[in-house]
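Colleague: with the sequence up front, the predicted model follows.
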Amino acid sequence: MNRRGFLAAGLASLGAACGAPQVRPEPSPPARVSLSQVRRLVAERVDPVAGRCRFVADLGTRQVMQPILFARRGEGFDALIENALPQPTTVHFHGLTLSQAQDGAGFDPLAPGERKRVRFEVQNRSGLYWFHPHPHGFTAEQVYAGLAGLLVVTDDEDQALDAALALAPRNRLALAIADVRVANGVIRPYAPGAADCLHGWLGNQALVNGQLGAAWTVAPGWVRLQILNACNARGLLLGFFDLSEGRKEKPIPFHLLGTDGGLLTAPRELDRVFLYGGERVDVALDASGRRALQAVSLEFDARRHTQGAAAAHRHPARERYAPLAADAVCQSDSPEGDRPADGSELALFTLRIEGRGADRVPTLPSRLSALPDSSSPPDAPTRRIRLDLDEHGGFLIDQTPYAIDETGFDVRRGAHEVWEIKNSPISMPHPMHVHGFGFRVLRRQGTFGAARRLATEPGGRFATDLGVKDTVLAWPNETLWLALDFTLPREAAFGGPQRYMFHCHNLEHEDGMMMRNITVL
Ligand code: C2O
Ligand code: CU
Ligand code: CU
């Protein structure tokens, strides 16, 4: 559907009484739960035909399906993680500083029926974090099945910002955007062909917090959205259109407040922002005088300079466990014409603006946090990392496919390092993610023309390279320089060597071996 088409569809659904959805929504919209209330966190399959799954938070007194977790910095989590899936799983808290034992990495899976006690304290800055399965070979399938939960962390800076914006409680939303393949109003099971295994499994519709055609009602004034790209492989170029009468053809300006690991030092005004798998943005927009906004992924050049298909990777465990739904994984060759295109325009969700706002909308603070500018100590050694495409092996890090029992490289505890990540020109975008450590983006080089327009920050960086990052996009032909600080908390839990993961967050690439283990000694 072109933009006019889906804008019209958006308006039509706004007009429809009670907004009867055209397609069947997921069972229930998520409810808020405080992190320390959770006694058990269960991953379970709800629908064996389509393979849909969900997280259930057991609070002792009641159970909440697909919860959004909330925590203050310093708040604790002490719960049983329980695998009620017919496959191995883990629960990984993406972005949090956790010890190896609590990280839920793929080398530490829970077999079906197993449970594990996980305890930690949230050490990270306020921001949007998330939790998802990470079992090697099954991650893409389980995340696509609906297992992607949000964790909103708050602290004093975060609350001061809400107060400065005079934010109405319903005007702050935490949103997980996934894409799913919908046919005849039903979400299709995960059944990638060989081409999907190379490029990633893309959907043709957005599923936001578990809902197709998602819409929220907000009040006039500032709206603050914390948004996660929870898609398996689709990149989003996020923008907002005003659907009110006399709407413009251009996306409206908004303010970037924060990225993966919390608030920026100062906001940036933008009209679009790239958001790749695993990345988050925190944005504010002024809804005053508007009736409806449509969030979209704008059309862009997805830079897939690759052809062909990847051979299905042999995961020994995959042979022992059946797929979540009837169809096979990475075996069939789905017809090319059937695959949605990355970079095509996609409607994400709608905001309806209703009610009376405050008479005066406060101005956005010019300073959001005390975060210093990104830099690295002058003596920090540089580690060179290469992202390549191997015709037989698919996408690899330093020419080496993932080996679950091996360490790719060791890092000294407390060390500062600069990582120089170079992506091959004959490649595609890779959102690269490090477990356990937030990093800063120092510089970017070799960005292709169309994206360079968005590289508005010093060092050829995008606005989304600012702040504390845990996932960073590497376009084909780019070289990135990141500053990492391998300081670990002085807690018993962090004693001894700690093993973490470094991988592409295109989940088909991750399952396809584009991953390494790193050990902090
Ligand atoms: Cu969001 Cu290693 O994962
Ligand atoms: Cu992670
Ligand atoms: Cu990748």
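Modeller: Yes, it's here. Numbering: from 1, shown residues only. Ligands and ions are numbered 1, 2, ... in the order given.
Colleague: what's around whichever residue of the stretch 401-521 of the chain sits closest to ligand 2, how many residues?
Modeller: Per Cβ to the ion, the residue of the stretch 401-521 of the chain with the smallest distance to ligand 2 is residue 435, at 4.6 Å. All C-beta spots, glycine's among them, are computed from the backbone N, C-alpha and C. A count of nearby residues for residue 435, using other Cβ atoms under 10 Å, gives 25.
Colleague: give me the phi and psi for the nearest residue to it once chain neighbours are set aside.
Modeller: Leaving aside its sequence neighbours, residue 435 sits nearest to residue 500 (Cβ to Cβ, 6 or more residues apart in numbering; 4.0 Å). The phi/psi pair for residue 500 (degrees, to the nearest 10) reads phi -130, psi 180.
Colleague: tell me the bridge partners for residue 500.
Modeller: residue 518 (DSSP bridges).
Colleague: from residue 515, how far off is it?
Modeller: 11 Å (Cβ to Cβ, to the nearest Å).
Colleague: out of the two, which sits in the more crowded spot?
Modeller: Taking other Cβ under 10 Å, residue 500 and residue 515 do not tie; residue 515 has more neighbours (27 against 22).
Colleague: list the contacts for the more buried one?
Modeller: By Cβ atoms under 8 Å, 6 or more residues apart in numbering, residue 515 lies in contact with 106, 397, 402, 501-504.
Colleague: burial measure for the nearest residue to residue 235 once chain neighbours are set aside, as a count.
Modeller: Nearest non-adjacent residue to residue 235, counting by Cβ to Cβ, 6+ apart: residue 276, 4.9 Å away. When neighbours are counted by other Cβ under 10 Å, residue 276 registers 26.
Colleague: for the one 5 residues further on, same thing?
Modeller: The number of residues packed around residue 281, counting by other Cβ under 10 Å, is 25.
Colleague: specify the beta-bridge partners of it.
Modeller: residue 227.
Colleague: part of a helix, is residue 347?
Modeller: No. Counting by DSSP: H, G, I helix; E, B strand; the rest coil, residue 347 is located in no helix; its state is strand.
Colleague: which residues does the residue of the chain found nearest ligand 2 bridge with?
Modeller: Ligand 2 sits closest to residue 94 of the chain, with a gap of 3.7 Å, by Cβ to the ion. With DSSP bridges as the criterion, the beta-bridge partners of residue 94 are residue 130.
Colleague: ligand 1 contacts on the stretch 51-200 of the chain?
Modeller: Proximity of the stretch 51-200 of the chain to ligand 1 (Cβ under 6 Å from any ligand atom) is limited to residues 92, 94, 132, 134.
Colleague: by neighbour count, which of those wins?
Modeller: residue 134 (27 neighbours).
Colleague: can you tell me the helix or strand for that residue?
Modeller: In the assignment (DSSP states H and E), residue 134 maps to no helix and no strand.
Colleague: which residue is the nearest non-sequential neighbour of it?
Modeller: residue 92 (4.1 Å).
Colleague: correct me if wrong: that neighbour contacts residue 104.
Modeller: Yes. When contacts are counted by Cβ atoms under 8 Å, residue 92 is listed as touching residue 104 (3.7 Å).
Colleague: residues shared between the contacts of these two?
Modeller: By Cβ under 8 Å, 6+ apart, residue 92 and residue 104 have these common neighbours: 131, 134.
Colleague: quick one on the thing from earlier: from the contacts of residue 515, which single one is nearest residue 343?
Modeller: Comparing these against residue 343 with Cβ to Cβ picks out residue 504 as the nearest, at 17.8 Å.
Colleague: for the residue nearest in space to the middle of the chain, what are its contacts?
Modeller: Closest to where the C-alpha atoms of the chain average out (Cα atoms, centre = their mean) is residue 278, at 2.6 Å. Residues near residue 278 by Cβ under 8 Å, 6+ apart: 94, 228-229, 431, 433, 470-471, 505.
Colleague: test my guess that residue 421 contacts residue 388.
Modeller: No. Judged on Cβ under 8 Å, residue 421 makes no contact with residue 388 at a distance of 11.7 Å.
Colleague: looking at these two, which one has more neighbours?
Modeller: Using other Cβ under 10 Å as the criterion, residue 421 and residue 388 rank with residue 421 on top: 21 against 18.
Colleague: please name the bridge partners of that one.
Modeller: Taking DSSP bridges as the rule, residue 421 bridges to residue 385, residue 480.
Colleague: show me the contacts for it.
Modeller: Residue 421 touches 385-387, 432, 472, 474, 479-482, counting by Cβ under 8 Å, 6+ apart.
Colleague: then the helix or strand containing residue 198 to CSV, C-alphas only?
Modeller: Counting by DSSP H and E, the element that carries residue 198 is helix 194-199. Backbone C-alpha positions of helix 194-199 (Å, rounded to 0.1, in the frame of the first residue of the first chain) are rendered in CSV as follows:
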residue,chain,number,x,y,z
ALA,A,194,16.7,-19.9,2.5
ALA,A,195,16.5,-16.3,1.3
ASP,A,196,14.8,-15.2,4.6
CYS,A,197,17.7,-16.9,6.5
LEU,A,198,20.1,-14.7,4.6
HIS,A,199,18.3,-11.4,4.6
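Colleague: now the element after that helix, going C-ward?
Modeller: Taking DSSP H and E, what comes next after helix 194-199 is strand 205-208.
Colleague: pairing partners for that next one, with directions?
Modeller: strand 172-180 (antiparallel), strand 211-212 (antiparallel).
Colleague: which of the residues in stretch 496-503 are buried?
Modeller: 498-503 (16 or more other Cβ atoms under 10 Å).
Colleague: output it as PDB, restricted to C-alpha atoms.
Modeller: What follows is stretch 496-503, C-alpha atoms only, in PDB (Å, rounded to 0.1, in the frame of the first residue of the first chain):
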ATOM      1  CA  GLY A 496      35.500 -14.500  38.300                       C
ATOM      2  CA  PRO A 497      35.500 -14.500  34.400                       C
ATOM      3  CA  GLN A 498      32.200 -13.300  32.900                       C
ATOM      4  CA  ARG A 499      31.200 -14.400  29.500                       C
ATOM      5  CA  TYR A 500      29.000 -12.200  27.300                       C
ATOM      6  CA  MET A 501      27.800 -12.100  23.700                       C
ATOM      7  CA  PHE A 502      28.500  -9.800  20.800                       C
ATOM      8  CA  HIS A 503      26.200 -10.300  17.800                       C
END
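Colleague: and that stretch, how far from the chain's centre?
Modeller: Here the centre of stretch 496-503 is set off from its chain's centre by 20 Å, with Cα atoms, centre = their mean, to the nearest Å.
Colleague: so that stretch, near ligand 2 or not?
Modeller: No. Taking Cβ under 5 Å from the ion as the criterion, stretch 496-503 and ligand 2 are apart, separated by no less than 7.0 Å.
Colleague: briefly note if that stretch comes near ligand 3.
Modeller: No. Judged by Cβ under 5 Å from the ion, stretch 496-503 stays clear of ligand 3, getting no closer than 8.4 Å.
Colleague: what sits up against that stretch?
Modeller: Residues contacting stretch 496-503 (Cβ under 8 Å, 6+ apart): 99-100, 103, 105-107, 134, 397, 402, 407-408, 432-437, 488, 509-510, 514-521.
Colleague: let's go with 7 Å and repeat that
Modeller: Stretch 496-503 has contacts (Cβ atoms under 7 Å, 6 or more residues apart in numbering) with 99-100, 103, 105-107, 407, 433-436, 488, 510, 514-521.
Colleague: strands of the stretch 401-521 of the chain, residue ranges please.
Modeller: Using DSSP state E, counting those that start in this stretch, the strands assigned to the stretch 401-521 of the chain run over residues 409-411, 416-423, 430-434, 439-445, 471-474, 479-485, 498-504, 515-520.
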